[in-house]
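S.K.: Next come a sequence and a model predicted from it.
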Amino acid sequence: MPYSKMLKAAIIAGCLFAAAALVIGGLAETYPALDIVNNGLLLLAVGLAVLLLLSLALRSRMLIVTTGALLAIALATLIPNLSGAAANAPENAERFLRVATFNMWGKGDLHLQKVEAFLAETEPDVVVLEEIRWKHEGFLRDMQETYPHQAGKHGLVILSKYPIVEKSRLDRPDQPYWQSLIVAWAKLDVEGREVNIVGAHMSRPFYASQQKNDYEHLTKFVQSLTGPVIVAGDFNAAPWTHKAHKFSAATGLGRFNTFVPTWPARWKALPLVPVLPIDNVFVSPQLSKIDLTVANRLESDHLPVVADIAFVD
């Protein structure tokens, strides 16, 4: 088969795949389980752009029209869901808080040593940790010198340099204690200003009904809070998925991370290239974005996220 025919066949196959993915993803609002496909929407748009360029190179009118139309549909689906980014702080704005969030799913003592070194280097004021297990009790004790105020002991933990005024947790109903936690909450007194820190860990998209319920519970919890709110954690969904976009729109929170991938950074001992930004920080309108940093690997399948946050006067 000539090269051009092979390329045309590959482009047609790519178009069929893209069309199926767009149809499936478009049904996610009605069938939440299908929202898992929308995690790949940005990659799909990039792939369609490549197919369009190849079609132009082949000068095939049919393929140019087909790939162009599919790319337009993908962008029309993607772009509206990219709204909801946090407002940028004015230049030279004073930092109110530095918040770090990190999923601790990793291995061994070396992992904990790297996490301690990471926190010592980045010096966040508040740390939200997911996948905290019983083996991390010694690590949490070691952290008390730097972070004397802590909320939670298992699953989700908030570490703070500032006093915790109130704290609580939100659990999935009818689940055992070790896998029920959705939210850890702490109200901090930051030099006379109270701010809500919400640590979140949403269920994985493979458990579609549970993830949908998690987002609904998180949304209602955030809506019940008064004053400035910071939500940080592992959302197990890209910002342009239906669930994540709906959460931001319903709560009025702006996200810090839109495009910087944080997962999967590792599979067992094998380093991987992250492709999805599922770890994030959201803030209420009283707060704004100075900077977001996604740090290096710490032997977890997630990369740490560090957010510098300003207060809007």
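M.R.: Yep, it's here.
S.K.: going forward, measure contacts between C-alpha atoms and count neighbours the same way
M.R.: OK.
S.K.: Can you identify each of the strands in the protein by residue range?
M.R.: 95-103, 126-132, 149-151, 155-160, 164-171, 181-190, 193-201, 229-234, 254-255, 266-267, 270-271, 279-283, 287-294, 305-311 (DSSP state E).
S.K.: for the ones you listed, which one sits closest to Asn213?
M.R.: Closest approach to Asn213 among these (Cα to Cα): strand 181-190, 10.1 Å.
S.K.: ok, that closest one: who's next to it in the sheet?
M.R.: The strands beside strand 181-190 in its sheet (DSSP bridges) come out as strand 164-171 (antiparallel), strand 193-201 (antiparallel).
S.K.: Pipe these into JSON lines and attach mean neighbour count and mean pLDDT per row.
M.R.: Output for the strands paired with strand 181-190, formatted as JSON lines (neighbours: other Cα atoms under 10 Å; pLDDT from 0 to 100):
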{"stretch": "strand 164-171", "mean neighbour count": "16", "mean pLDDT": "96"}
{"stretch": "strand 193-201", "mean neighbour count": "23", "mean pLDDT": "98"}
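S.K.: As JSON lines, those strands with distance to Leu75 would be great.
M.R.: Output for the strands paired with strand 181-190, formatted as JSON lines (distance: least, Cα to Cα, whole Å):
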{"stretch": "strand 164-171", "distance to Leu75": "36"}
{"stretch": "strand 193-201", "distance to Leu75": "29"}
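S.K.: Of all those, which one is nearest Trp105?
M.R.: Closest among the strands paired with strand 181-190, using Cα to Cα: strand 193-201, at 12.4 Å.
S.K.: And that closest one, how far out from the chain middle?
M.R.: From the chain centre to the centre of strand 193-201 is a distance of 16 Å (Cα atoms, centre = their mean, to the nearest Å).
S.K.: tell me the angle it makes with strand 155-160.
M.R.: 160 degrees (axes from the mean of the first three to the mean of the last three Cα atoms, to 10 degrees).
S.K.: Run the angle between strand 193-201 and strand 279-283 for me.
M.R.: 150 degrees.
S.K.: Alpha carbons only: can I get strand 193-201 in CSV?
M.R.: This file holds the C-alpha atoms of strand 193-201, laid out as CSV (Å, rounded to 0.1, in the frame of the first residue of the first chain):
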residue,chain,number,x,y,z
ARG,A,193,-8.1,36.9,59.2
GLU,A,194,-10.1,33.7,59.2
VAL,A,195,-9.9,31.4,56.2
ASN,A,196,-11.4,28.0,55.4
ILE,A,197,-9.0,25.3,54.2
VAL,A,198,-10.8,22.4,52.6
GLY,A,199,-8.8,19.3,51.8
ALA,A,200,-10.5,17.2,49.2
HIS,A,201,-10.0,13.7,47.7
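S.K.: what sits up against it?
M.R.: Here strand 193-201 makes contact (Cα atoms under 8 Å, 6 or more residues apart in numbering) with 128-130, 156-158, 181-189, 218, 225, 227-236.
S.K.: can you check stretch 132-146 too?
M.R.: Contacts for stretch 132-146 (Cα under 8 Å, 6+ apart): 104-105, 112, 150, 153-157, 161.
S.K.: Now that stretch: buried residues?
M.R.: 132, 136, 140, 143 (16 or more other Cα atoms under 10 Å).
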